[in-house]
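1. curious how this folds, go ahead:
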Amino acid sequence: MTTEAKIQVLCVDDEPMLLDLTKTFLEREGGVEVEICDDSGQALRKVRDNSYDVIVSDYQMPGLDGISFLKAIRSMGIEIPFVVFTGRGRESVAMEALNNGADFYLHKGGDPRSQFAELNNVINLLYSRRRSQMLLSRSEDRYRAFISATRTGAWEYDHQTGQLWLSPEYLKMLDYDPALFSPNPGPLQTWVDLMHPDDREASTKAFQDYLESGSQGMYETYFRVRCKDGDYIWVCSRGQTLLDKDGRNSHITVGTHIDIDLLKRLEEDLREEKNRFRDLADNGKTLIWSSDTSGGCYYFNKPWLDFTGRTLEQEYGNGWAQGVHPEDFDRCLEIYTSAFSKRVPFGMMYRLRRHDGSYRWIQDDGTPRWTDKGEFLGYIGHCFDVHDLRLMEESLLLTNKKLHLLSSLTRHDILNQLTTLRGFLDLALDDSEEETIVRYLQKCESAASSIQRQIEFTRQYEELGVKKPIWQCLEKLWEEIPVTLLHLEHRVKGLELFADPMLDNAFRNLVDNTIRHADGATRLDVFYEVEQDGHLRLIIQDDGPGIEDDQKEIVFNKGVGKNTGLGLFFVREILSMTGISIRENGELGKGARFEITVPVDRYRFS
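-> Below is the predicted model:
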């Protein structure tokens, strides 16, 4: 609970006993705190250095009399309420006091109790009046600040005289000098002449219709007004007719003009942006859709509607799903709802019914939309007709399957013949004693062995790209790779790559490369780093001698190496199937460091 501040009063009189009496009577009533002073010169310094709510002063005092004391205070610009409290009752004294800025004149004498009660009432009255004036002044200051900050101008129209008053803020908003608009109030035509010619007729009619309707509600319209430099700005004009004491419309209407030019320009920019998006969306071949935060779709572009042969109303919400092939529906629903709940991008391929009743394969990719503040807005998606590509892919897979079968049969026959050839070479070596013949036979054996290894490699290579890429858990892959001559440490928990099913063969080849070529290597470390652009770098590093700078790229070439020369070449081929790259970036003397760069959409964490 707060206690209301007391009224601060300064009493000035050259009679100390009267001052004590005044202080006692006033403070006994409560709500007043009195400071007394018996010297008007000293009192003047007090007024200058302190804050008072009311001053009570005697008239006849040595040095500065009451009127001179009052004049000195007013000359300092101090407007504190001033009461002349004197025993001199002449009318001329009262007139002189009031003419010089006194707020009240009170005659001493009579019953002390009633006299000081009247003085107390006067003090409270003057304090309340000044406080109200200060509050009103602050309110006016706030109003002016609001008007200035919001670029708002006020106006007042008199129906009887036809005169219109425009506030200085209104004219300054248009960069006009208020002094140039004279008279003010002036004729309504002054206002009309400032309007844009294209807006003048409609805006004037709207105002006249409001006046003639006798409405007690709000008038509002929008138009452009001319600034001093000749440019026009948009304003929102609002007004209301004042009511008289009987609650009926008076002859005065007041209102404001608010500068909304920036808002209008932003609206126009937004409208143009929407039109550009609509033109782009409706004049291409991409099928585009948008959903809200509930998951229901509210927008489909013209190519989508042309493709399905349905209206926006039919597709609205979940209506579009009626066109999804029944065999694809559950899978698509699972992908969509799962991504939606996590607010992550998604991609899916399904068959969508075309306007002619046939189903065509489309690739549908959706992306979540966010405000600048990170608030979720829904999804936007774009779809491509990939039906012909899908048929071509199926045809290629079938052709691949046939070639795979033919290759398998051919390889089987060749390997059988090689086995026979190498068998007879072994017998010939055993039975031959001539040194030259033995040397030739050994070379034939070496060549046959090399042919057999390369044919065995084709068994693996032909599997590359035959099966679709899949998500693979790296932790599981590395745990299943047998490593006996090295200490393997992997830190890839939860990391999954979208890669060819032969990814494990790529890792096995990297381990085999270390064992075969990194002389003295004792350990192999596997870990990852996420780069600033979102790509992931998977690092496989040993502690062997490393690779020389001029060999870092050559080691991935086909035929380079001490064994088949196909190991690292095969690794790069496997990774490249899904856009994953590899390079050697180690430092000579500190071990080999293979860095595998994985695009953003080719890795995830489970």
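
2. give the helix, strand or coil label for the spatially most central residue of the chain.
-> In the chain, the residue lying closest to the centroid (C-alpha atoms, centre = their mean) is D372, at 1.3 Å. D372 falls in the coil class when you classify it by DSSP: H, G, I helix; E, B strand; the rest coil.

3. so which residues of the stretch 501-606 of the chain form strands?
-> Counting by DSSP state E, counting those that start in this stretch, one finds strands in the stretch 501-606 of the chain at the ranges 523-530, 536-542, 581-584, 593-598, 603-605.

4. dump those strands to CSV, plus mean neighbour count and mean pLDDT.
-> No exception for glycine: its C-beta is placed from N, CA and C like everyone else's. Shown next, in CSV, are the strands of the stretch 501-606 of the chain (neighbours: other C-beta atoms under 10 Å; pLDDT from 0 to 100):
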stretch, mean neighbour count, mean pLDDT
strand 523-530, 17, 94
strand 536-542, 20, 94
strand 581-584, 16, 94
strand 593-598, 20, 94
strand 603-605, 15, 92
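
5. so which of those is nearest E212?
-> strand 603-605 (69.9 Å; C-beta to C-beta).

6. so how far is that closest one off the chain centroid?
-> 26 Å (C-alpha atoms, centre = their mean, to the nearest Å).

7. and it, which strands flank it?
-> Next to strand 603-605 in the sheet, as set by DSSP bridges, lie strand 495-499 (antiparallel).

8. in a markdown table, list the strands of the stretch 501-606 of the chain along with distance to L488.
-> Output for the strands of the stretch 501-606 of the chain, formatted as a markdown table (distance: least, C-beta to C-beta, whole Å):
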| stretch | distance to L488 |
| --- | --- |
| strand 523-530 | 5 |
| strand 536-542 | 10 |
| strand 581-584 | 19 |
| strand 593-598 | 14 |
| strand 603-605 | 21 |
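
9. now for those, which one comes closest to M392?
-> Per C-beta to C-beta, nearest to M392 of the strands of the stretch 501-606 of the chain: strand 581-584, 26.4 Å.

10. which strands or helices does that closest one pack on?
-> helix 567-576, strand 593-598 (3 or more C-beta pairs under 8 Å, 6 or more residues apart in numbering; DSSP states H and E).

11. L396 is nearest to which of those?
-> helix 567-576 (17.8 Å).

12. measure W191 to H257 for me?
-> 9 Å (C-beta to C-beta, to the nearest Å).

13. and for the two, which residues touch both?
-> W155 (C-beta atoms under 8 Å, 6 or more residues apart in numbering).

14. the more surrounded of the two?
-> Set side by side, W191 and H257 show more neighbours around H257, with 26 against 20, by other C-beta atoms under 10 Å.

15. right, and the helix or strand after the host helix or strand of the more buried one?
-> Assigned by DSSP states H and E, H257 falls within strand 249-259. Sequence order places helix 261-282 as the next helix or strand after strand 249-259, per DSSP H and E.

16. what mean pLDDT does the helix or strand following that following helix have?
-> Proceeding N to C from helix 261-282, the next assigned helix or strand is strand 287-291, under DSSP H and E. When pLDDT is averaged along strand 287-291, the result is 93.

17. buried ones in stretch 348-364?
-> For stretch 348-364, the neighbour count (16 or more other C-beta atoms under 10 Å) marks 348-354, 359-364 as buried.

18. just put those in TSV and tack on pLDDT and distance to P545.
-> Below are these laid out as TSV (pLDDT from 0 to 100; distance: C-beta to C-beta, whole Å):
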residue	pLDDT	distance to P545
M348	92	48
M349	93	48
Y350	94	53
R351	94	56
L352	95	58
R353	95	63
R354	94	62
Y359	94	59
R360	93	57
W361	93	52
I362	93	53
Q363	94	48
D364	94	51
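
19. so which residues of the stretch 1-150 of the chain form helices?
-> Applying DSSP state H, counting those that start in this stretch to the stretch 1-150 of the chain gives helices spanning 16-29, 40-49, 66-75, 91-99, 112-149.

20. out of the ones you listed, which one sits most buried?
-> helix 66-75 (a mean of 18; mean count of other C-beta atoms under 10 Å).

21. what helices and strands are in contact with that one?
-> helix 40-49, strand 54-57, strand 82-86, helix 91-99.

22. now the helices of the stretch 1-150 of the chain in JSON lines, with mean pLDDT and distance to S290?
-> Output for these, formatted as JSON lines (pLDDT from 0 to 100; distance: least, C-beta to C-beta, whole Å):
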{"stretch": "helix 16-29", "mean pLDDT": "88", "distance to S290": "74"}
{"stretch": "helix 40-49", "mean pLDDT": "91", "distance to S290": "71"}
{"stretch": "helix 66-75", "mean pLDDT": "90", "distance to S290": "72"}
{"stretch": "helix 91-99", "mean pLDDT": "81", "distance to S290": "77"}
{"stretch": "helix 112-149", "mean pLDDT": "76", "distance to S290": "38"}
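
23. among these, which comes closest to G579?
-> Per C-beta to C-beta, nearest to G579 of these: helix 112-149, 55.4 Å.

24. after that closest one, next one along is what?
-> Criterion used, DSSP H and E; the element after helix 112-149 is strand 152-158.

25. who touches that following strand?
-> 146-147, 163-167, 169-174, 185, 188, 191, 239, 251-259.

26. recalculate using a threshold of 6 Å.
-> 164-167, 169-170, 173, 252-258 (C-beta atoms under 6 Å, 6 or more residues apart in numbering).

27. what about the stretch 401-550 of the chain, any weak spots by pLDDT?
-> Scanning the stretch 401-550 of the chain for pLDDT under 70 picks out the ranges 401-416, 450, 452-466.

28. turn the buried residues of stretch 348-364 into JSON lines, columns for secondary structure.
-> Output for those, formatted as JSON lines (three-state DSSP):
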{"residue": "M348", "secondary structure": "strand"}
{"residue": "M349", "secondary structure": "strand"}
{"residue": "Y350", "secondary structure": "strand"}
{"residue": "R351", "secondary structure": "strand"}
{"residue": "L352", "secondary structure": "strand"}
{"residue": "R353", "secondary structure": "strand"}
{"residue": "R354", "secondary structure": "coil"}
{"residue": "Y359", "secondary structure": "strand"}
{"residue": "R360", "secondary structure": "strand"}
{"residue": "W361", "secondary structure": "strand"}
{"residue": "I362", "secondary structure": "strand"}
{"residue": "Q363", "secondary structure": "strand"}
{"residue": "D364", "secondary structure": "strand"}
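
29. and those, which is closest to F82?
-> For the buried residues of stretch 348-364, the nearest to F82 is D364 (84.5 Å; C-beta to C-beta).

30. what's near enough to touch the closest one?
-> 348, 381, 383 are the contacts of D364 under C-beta under 6 Å, 6+ apart.

31. let's see it at 8 Å
-> Contacts of D364 (C-beta under 8 Å, 6+ apart): 332, 347-350, 381-383.

32. quick one: secondary structure of S182?
-> coil.

33. for G347, same thing?
-> strand.

34. and whichever strand or helix holds A206, what's buried?
-> A206 is located in helix 197-213, with elements delineated by DSSP H and E. By neighbour count with 16+ other C-beta under 10 Å, helix 197-213 contains the buried residues 199, 203-204, 207, 210-211.

35. how far off strand 249-259 does that helix point, in degrees?
-> 150 degrees (axes from the mean of the first three to the mean of the last three C-alpha atoms, to 10 degrees).

36. what's the angle from helix 197-213 to strand 152-158?
-> Going by the same axes, to 10 degrees, helix 197-213 makes 50 degrees with strand 152-158.

37. mean confidence score for helix 197-213?
-> Per-residue pLDDT over helix 197-213 has a mean of 92.
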